[in-house]
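J.: Sequence and computational prediction follow.
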Amino acid sequence: MTDQKTTALHLIALGQLQKMIKAEIDTRRATLHAGMDEGDRVAVHVKLDDEKVKLGTVLKTEPTTALAVVDPLAHEAWALENMGENHVTSYEFVDPAAVAAVLREHAPHLITKVTQRPSPQWLNEVLVLAGRGEGPIPDGVEPVKADPVLQVRPNADTVPTTIPELWRRAMLDLGELLAIEGGGE
């Protein structure tokens, strides 16, 4: 094969391997996620030349409960009713074309006050205080617990050199990892 054809073959093969690797990662993550409880941690070590080498950890998070807006309309109604002086004023131009020409001459009569919206900073402060139990939980807001996620934390100091060494010593079978015998299906 020519160098171009060999390079093209390698690109096609690497692209397929990348898809196979992604599928294997997704499958194994799902399997491990289903078999772990929140807060579980698995440390991975290998023995290499009579030395225990830490490759990393995999853990399933234990999410905390946080307040989240679950009903935006109810929350907005609550905010408008309770905002007091904590608002942001927005303006609407009566005649946008005229405003563009006249604003340079400072013609404030062309600007009318439209609405007062709750200040985003104030809304955030209200949610922070409510989350700490130091204020009421606004309408449209409820405590929500995020789903746990699986975190894979490879050891950046050992993995880049240890994984290739395990493969070189035939202690790690890439064919087994990718199920290449089955065509990666």
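T.: Structure's in. What do you need?
J.: all strands for this protein, in order.
T.: For the chain, strands defined by DSSP state E occupy the ranges 41-48, 51-60, 65-69, 87-93, 111-118, 141-145, 150-154.
J.: What's the mean pLDDT across the longest helix belonging to the chain?
T.: If you go by DSSP state H, the chain has its longest helix at helix 3-35. Per-region confidence: helix 3-35 scores 93 on mean pLDDT.
J.: Look up the closest residue to residue 155, ignoring the ones flanking it.
T.: Of all residues not flanking residue 155 in the chain, residue 56 sits nearest, at 4.6 Å (C-beta to C-beta, 6 or more residues apart in numbering). For glycine as for every other residue, the C-beta is placed from the backbone atoms N, C-alpha and C.
J.: Relative to residue 18, which of the strands of the chain is closest?
T.: Residue 18 lies closest, by C-beta to C-beta, to one member of these: strand 150-154, at 17.3 Å.
J.: Going by neighbour count, list what's buried in the closest one.
T.: 150, 154 (16 or more other C-beta atoms under 10 Å).
J.: what packs against it?
T.: When contacts are defined as 3 or more C-beta pairs under 8 Å, 6 or more residues apart in numbering; DSSP states H and E, strand 150-154 sits against helix 3-35, strand 51-60.
J.: Out of the ones you listed, which one sits most buried?
T.: Per residue and on average, the most neighbours among these fall to strand 51-60, with a mean of 15 (mean count of other C-beta atoms under 10 Å).
J.: Give me the domain ranges for the chain.
T.: Per automatic domain parsing, the structural domains of the chain span 3-61+158-182, 65-145.
J.: start to end distance for the last one?
T.: I take that to be domain 65-145. Terminal residues of domain 65-145 lie 4 Å apart, using C-alpha to C-alpha, to the nearest Å.
J.: So what's the gap between that domain and the chain middle?
T.: 27 Å (C-alpha atoms, centre = their mean, to the nearest Å).
J.: picking up where we left off before, so which of the domains of the chain gets nearest residue 152?
T.: The nearest among these, by C-beta to C-beta, is domain 3-61+158-182 at 5.2 Å.
J.: Any idea which helix or strand in this structure has the lowest mean pLDDT?
T.: When the helices and strands of the chain are compared on mean pLDDT, DSSP states H and E, strand 111-118 comes out lowest with a mean of 69.
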